[in-house]
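**Student:** model the following, please.
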Amino acid sequence: MSQTVVTTTTTTTTSDGSFINLGYTRSVNGLLKIAQIVSLLIAFLCVNRARVWTDWSAYRYFEVVTLWFLVAFLLFYLLYVFRLQGKIPCINWTLTEFLHYALGTLLVFIAAIVAAVKSGGWSELVAGSVFGFIATFLLAVSLWTSYKVTCGSQQTSVSV
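**Tutor:** Below is the predicted model of the structure:
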């Protein structure tokens, strides 16, 4: 009688020690952040390249808000891709990102409403406001997921 022994070894690692975190780029949070960046960029470019602005101050506000949060979320994305959040441990990055999502959702929503109201039927301005609403939705989804991570399931009562 002959016996055959098969040995299977499984190795899992949490960090490969590389400089770039490619897993984040394929994660839900990474893809959501890319979608936010792209929608904010398109919204900014639509309004910036419009031939006619019906209200100068309203669209200047829209540009400032979309560009600010575009840069902020691009920096967050690069921070996580290059694993830089571990290099600066004195900052609570999940709370910082949660506050940016909260503020961004509110301000981009206001900017998109103002842009939609003041568009005057110009297609570039309407497209900018539509992408502003899309960015608002994506920011609200990220706010919700970030809230679950930041505030999570905390115990509200003490059991004896």
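**Student:** just the terminal-to-terminal distance for stretch 85-103.
**Tutor:** Taking CA to CA, to the nearest Å, stretch 85-103 runs 21 Å from one end to the other.
**Student:** residue 93 against residue 85, yeah?
**Tutor:** Yes. The pair residue 93 and residue 85 qualifies as a contact (CB atoms under 8 Å) at a distance of 4.6 Å. C-betas here are computed from N, CA, C, even on glycine.
**Student:** what do these two both touch?
**Tutor:** Shared contacts of residue 93 and residue 85 (CB atoms under 8 Å, 6 or more residues apart in numbering): residue 79.
**Student:** mind giving me the packing neighbours of the helix or strand where residue 74 lies?
**Tutor:** Remark: residue 74 resides in helix 56-81, with elements defined by DSSP states H and E. Contacts defined by 3 or more CB pairs under 8 Å, 6 or more residues apart in numbering; DSSP states H and E place helix 56-81 against helix 22-26, helix 28-48, helix 93-117, helix 123-150.
**Student:** where in the protein is pLDDT low?
**Tutor:** 1-2, 4-17, 150, 152-160 (pLDDT under 70).
**Student:** okay, residue 86 and residue 31: tell me how far apart.
**Tutor:** 22 Å (CB to CB, to the nearest Å).
**Student:** neighbour count for the two, which is higher?
**Tutor:** More neighbours sit around residue 31 than around the other of residue 86 and residue 31, counting by other CB atoms under 10 Å; the figures are 12 against 9.
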